[in-house]
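Asks: Give me a model of this one.
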Amino acid sequence: MAKAAIPARDAPPSFLGLAAHPVRWRLLSELSRSDLRVGELCARLGLPQNLVSYHLGRLRAESVVSRRRSAADGRDSYYVLELDRCGELLAGAGNALHPGLRLALAAPGERGSTAARRRRQRVLFLCTGNSARSRIAEALTEQLGGGRIEARSAGSHPKPLHPNAVRVLAERGIDVNRRPSKHLSEFVGRRFDYVVSLCDRVREVCPEFPGHPDLIHWSIPDPAREGDTDEETFVAFERTADELATRITFLLELMEHQEVR
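Replies: Just a heads-up that it's a prediction; the model follows:
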């Protein structure tokens, strides 16, 4: 006797099947901490590149993972987990089963704000020029962390603060003009809980830091290199600030979780 077909409206959300595969779950787990190249993912999973690339393709097709060309080596790419997209799909999956299971996603300023901290955690952001990405990340982390995080930034080849970095942060109520750009060598002997590289090039020259901090890489293009006019470049800076704000809110949640474990 033939089995009756399940109506499409009663089928489980596609994200559940997508994420439930053991290889794809491992990929999601690895990328939840840091942007990685396919070779690094193969090494961590102990699987051949063709298999890893296949499953990355499945994740990219659902916009759960994206790919960015490496600024350090144009022949290579970094894979990025779209955490907000994952959150939306998880919330939708719970709601599909029962409205009472719908996940309530915290607003950006609310994540990582509930548990009492034993001490201020320290995070260092690195990029090439310390003129845009790392300075924006430093300022946003201090703002979103509500004084609970000590954030610093530096560059491998420091340059003056970009005017559009000042402008984009000013629109968020942050004044960064008082802090000069710094070389990463100034921080080599200092202890941090997290060191986050925002530039593919600086990741390749990142020195060792005492205390074995968590090393995280976010492959974020330099907004100063985008756009043909100043206004187009400013739009790129806004886009960069928005992405950093999203990533930082999830980083704050990670910090909270690791400290209270």
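Asks: domain ranges for this structure?
Replies: Here the domain parsing of the chain from automatic domain parsing is 11-101, 121-260.
Asks: Using a markdown table, lay out these together with mean neighbour count and mean pLDDT.
Replies: The C-beta positions use only the backbone N, C-alpha and C, and glycine is treated the same way. Below are the domains of the chain laid out as a markdown table (neighbours: other C-beta atoms under 10 Å; pLDDT from 0 to 100):
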| stretch | mean neighbour count | mean pLDDT |
| --- | --- | --- |
| domain 11-101 | 15 | 92 |
| domain 121-260 | 19 | 92 |
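Asks: Pretty sure F237 sits in a helix.
Replies: Yes. According to DSSP: H, G, I helix; E, B strand; the rest coil, F237 belongs to a helix.
Asks: wait, doesn't it sit right on V166?
Replies: No. The pair F237 / V166 is not scored as a contact, 9.8 Å apart, by C-beta atoms under 8 Å.
Asks: So V166 belongs to a helix, correct?
Replies: Yes. Per three-state DSSP, V166 lies within a helix segment.
Asks: So it is in contact with V176, correct?
Replies: Yes. If you go by C-beta under 8 Å, V166 and V176 touch, sitting 6.2 Å apart.
Asks: Look up the closest residue to E204, ignoring the ones flanking it.
Replies: A72 (5.6 Å; C-beta to C-beta, 6 or more residues apart in numbering).
Asks: got a list of what that neighbour touches?
Replies: 200-201, 203-204 (C-beta atoms under 8 Å, 6 or more residues apart in numbering).
Asks: where does it fall, phi/psi-wise?
Replies: In terms of degrees, to the nearest 10, the main-chain angles of A72 are phi -80, psi -40.
Asks: next one: the one 4 residues further on
Replies: For D76, the backbone dihedrals are phi -120, psi 170 (criterion: degrees, to the nearest 10).
Asks: do the same with the one 4 residues further on
Replies: Note on V80: backbone dihedrals following degrees, to the nearest 10 are phi -130, psi 130.
Asks: Hmm, V64 and it touching each other?
Replies: No. Using C-beta under 8 Å as the test, V80 is too far from V64 to be in contact (10.1 Å).
Asks: quick one: the helices in the stretch 101-250 of the chain?
Replies: 133-144, 163-170, 200-204, 230-260 (DSSP state H, counting those that start in this stretch).
Asks: could you dump those helices to CSV with distance to R24?
Replies: Shown next, in CSV, are these (distance: least, C-beta to C-beta, whole Å):
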stretch, distance to R24
helix 133-144, 29
helix 163-170, 35
helix 200-204, 25
helix 230-260, 20
